[in-house]
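Peer 1: task: produce atomic coordinates for the following.
(2 chains)
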Amino acid sequence: MAYPRIRIEDARRYAGESVEIAGWLYNLRKSGKIVFPLMRDGSGTMQCVAVKANLDEALFEELKNLTQESSLILRGKIRAEQRAPGGFEMDVESAQVVQRVPESDPYPITPKEHGTDFLMDHRHLWLRSKRQHAVIRVRAEVIKAVRDYFDSHGFTLVDTPIFTPAACEGTTTLFEVNYFDEEKVYLTQSGQLYNEATALAFGKTYCFGPTFRAEKSKTRRHLTEFWMVEPEMAYATLEDVKQVAEELVVFVVGRVLENRRQELADLERDASKLETVKAPFPRMSYDDAVLELQKKGSEIQWGSDFGGTDETLITEGLDRPLMVDRYPTQVKAFYFQPDADRPELALGVDVIAPEGYGEIIGGGQRIHDLDLLLKRLEEHNLPPEAFNWYVDLRKYGSVPHGGFGMGIERFVAWMCGLEHIRETIAFPRMLYRTRP
RNA sequence: UCCUCAGUAGCUCAAUGGUAGAGCAUUCGGCUGUUAACCGAAGGGUUGUAGGUUCGAGUCCUACCUGAGGAGCCA
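Peer 2: Next up, the predicted model:
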């Protein structure tokens, strides 16, 4: 007789019915003539019960001697059961072992503790654990929410190239790639320059994809390959950019709270720390931020960018992100529009997450004046021929425009309350780790 | 690139310069309601590598390798 296959997350809807679940053995507890296989199917885990008296002798022995992460299909009746984690369990009637993990080479990740190095070496298996499921599901929710926000606010998705002929910002180190032995190209560090072209074509656009930084950064906030969403808007000022950034963050946090409560609970994330993330975010000028930081004991001097500890210090005690704007031009990329009243300041804004998660958004208003852009390219020693197309944007219907980039992994780390962003992507690429 | 810390059983960790150990995992035995199940037994080691000090080094010294955290830079 054919039992309908269900997903464990739907089990409660099938109480009293005979079904089958296809998955893997998460753990096995046994007590003589009764065994409790804990099944995992990707949607959740469920305790099953196999009683010797009710089963064929050979089948009972097979179940009793199963090894962790063996793949199998169990059939039986779902029943509400207070003693079972999750409140439901399956009385096993029959089973089919698909592949038995041999005890000579057992599953390496046991239910006990493991160190980071070992877990990262076994990342392909670590992804099977409950905690990793929660993080990756929150990530999926964040990405979906980001797309939903832009798609419903007049933005068109226009993805930008990953191979680029030159540095986007002229500052950071790039990964070099041989392009058919003809020329060198680089892996993109930002889609922004191309976004400016698409924004002037479509009005409001965003790109979403991987970006690469070859800096030898070795901290809990850095990956060499990370995902970034970058909106760009024509006819937009710094104030417009700030408003969209604020709305986006509030929207995405709201979606995570709405749809991923269980995952946050699995991660023991204090959701009340996210419930306070509402507009308006506090706003502060760079000038005031420096004074505030100095008051709090930072060594920072006007003219330099914030360090990681400064970012933590400046958001201390805040229950929502902080927006800091108008940075000195020298700490920002060449394309920032200067402040009309104080040309030594760039119309840029950073959104700094609370709880020490640091900068999650950076953006601002771009230069729209042709002569100023040419001057800046020269000041930064950037080869003008590589930027011909970018300069064109200032010749043909140039308008004030702006946008920002949001780092997905940092955002997810903040949502999940993680120590390190390496867990927010399935296979992180870091300074000294490119495997698996 | 620089600074700090760490490498001991498959994993997580102990071991005053003096016989390398425990828990988990694995194997065998016991247990009909277990909750990282429990109880009993067994197997499992070139202490990251190479030198050095010492009667004697997991332990002290030097170099290197690997990893982690941080700085700079950034999202």
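
Peer 1: switch to C-alpha atoms for all contacts and neighbour counts from now on
Peer 2: OK.

Peer 1: and the residue in the stretch 51-200 of chain A that RNA strand B sits nearest to, how far is that from A:Tyr396?
Peer 2: Closest approach between the stretch 51-200 of chain A and RNA strand B, counting by Cα to the nearest atom of the strand: A:Lys112, at 2.8 Å. Per Cα to Cα, to the nearest Å, A:Lys112 is found 63 Å from A:Tyr396.

Peer 1: name the residue in these two with the higher neighbour count.
Peer 2: A:Tyr396 (10 against 5; other Cα atoms under 10 Å).

Peer 1: that one: what secondary structure?
Peer 2: Under DSSP: H, G, I helix; E, B strand; the rest coil, A:Tyr396 falls in the coil class.

Peer 1: and A:Gly76, by the same measure?
Peer 2: Taking three-state DSSP, the label given to A:Gly76 is strand.

Peer 1: that one pairs with what?
Peer 2: With DSSP bridges as the criterion, A:Gly76 is bridged to A:Val19, A:Val92.

Peer 1: cool, and A:Val351?
Peer 2: Under the criterion used here (DSSP bridges), A:Val351 is bridged to A:Met323, A:Ile361.

Peer 1: show the contacting residues for it.
Peer 2: A:245, A:321-324, A:359-362 (Cα atoms under 8 Å, 6 or more residues apart in numbering).

Peer 1: where's A:Val185 relative to A:Leu174, distance?
Peer 2: Taking Cα to Cα, one finds A:Val185 at 10 Å from A:Leu174.

Peer 1: can you get me a residue count around the residue of the stretch 201-350 of chain A found nearest RNA strand B?
Peer 2: Among all residues of the stretch 201-350 of chain A, A:Ser217 sits closest to RNA strand B, at 3.0 Å; criterion: Cα to the nearest atom of the strand. Using other Cα under 10 Å, A:Ser217 is surrounded by 13 other residues.

Peer 1: repeat for A:Phe175
Peer 2: 15.

Peer 1: that one contacts A:Lys216, correct?
Peer 2: No - using Cα atoms under 8 Å, A:Phe175 is not in contact with A:Lys216, being 11.6 Å away.

Peer 1: in three-state terms, label the closest residue to A:Pro428 other than its chain neighbours for me.
Peer 2: Nearest non-adjacent residue to A:Pro428, counting by Cα to Cα, 6 or more residues apart in numbering: A:Arg422, 5.6 Å away. Here A:Arg422 takes the helix state, with states given by three-state DSSP.

Peer 1: for A:Thr434, grab the count of nearby residues.
Peer 2: 11.

Peer 1: just A:Glu247 next, same as before
Peer 2: Neighbours of A:Glu247 (other Cα under 10 Å): 15.

Peer 1: the helix or strand harbouring it: what's the following helix or strand?
Peer 2: Element membership for A:Glu247, per DSSP states H and E: helix A:238-259. Per DSSP H and E, helix A:238-259 leads on to helix A:261-266 as the next helix or strand towards the C-terminus.

Peer 1: contacting residues around that following helix?
Peer 2: So helix A:261-266 is contacted by A:130-131, A:134-135, A:137-138, A:270-271, A:416 (Cα under 8 Å, 6+ apart).
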